[in-house]
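[1] just to be clear, the model below is a prediction. Sequence and coordinates:
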Amino acid sequence: MNFWDIILSIFWFMLWVAWIWVLISIFGDLFRDHDLSGWGKAAWTVFLIVLPWLGVLIYLIARGRSMNERARAQAQRNEQQFRQYVQQ
């Protein structure tokens with residue numbers, strides 16, 4: 001095994017880790033969303049499992065903006081709670 005094989009292995013491993021990270025982020029956002037019905041969550045979950053690449057792409061196009069808004073709102077709530085805790 002030469003140096004370039006090791007570099008290539010590291011590259012593929014990091015790509016795999018990034019893919020797992022994206023899936024976890026999407027599933028976390030999906031089940032944190034209170035506006036989406038249970039059937040909608042089930043449909044997205046099945047779609048993401050059956051066609052993962054296409055499902056992730058479509059999810060990010062269709063719900064990426066609201067995903068960002070929910071993440072921002074959660075970060076603001078966490079910051080407020082932290083500030084209240086520090087002031088106490």
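    Cool, got the structure. Numbers count the residues shown, from 1 in each chain.

[2] buried residues, the helix or strand encompassing Asn78. List them.
    Asn78 is part of helix 52-87 when elements are defined by DSSP states H and E. If you call a residue buried by 16 or more other Cβ atoms under 10 Å, then helix 52-87 has these buried ones: Gly55, Val56, Tyr59, Arg63, Met67, Arg70. Yep, even glycine has a C-beta here, placed from its N, CA and C like the rest.

[3] pipe those residues into JSON lines and attach pLDDT and distance to Leu23 per row.
    Output for those, formatted as JSON lines (pLDDT from 0 to 100; distance: Cβ to Cβ, whole Å):
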{"residue": "Gly55", "pLDDT": "93", "distance to Leu23": "9"}
{"residue": "Val56", "pLDDT": "94", "distance to Leu23": "7"}
{"residue": "Tyr59", "pLDDT": "93", "distance to Leu23": "10"}
{"residue": "Arg63", "pLDDT": "90", "distance to Leu23": "14"}
{"residue": "Met67", "pLDDT": "89", "distance to Leu23": "13"}
{"residue": "Arg70", "pLDDT": "89", "distance to Leu23": "17"}
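
[4] of all these, which two lie farthest apart?
    Within the buried residues of helix 52-87, Gly55 and Arg70 form the most distant pair, 18.7 Å apart (Cβ to Cβ).

[5] could you identify the helix or strand that succeeds the helix or strand harbouring Val17?
    Assigned by DSSP H and E, Val17 falls within helix 3-32. Per DSSP H and E, the first helix or strand lying C-terminal to helix 3-32 is helix 38-50.
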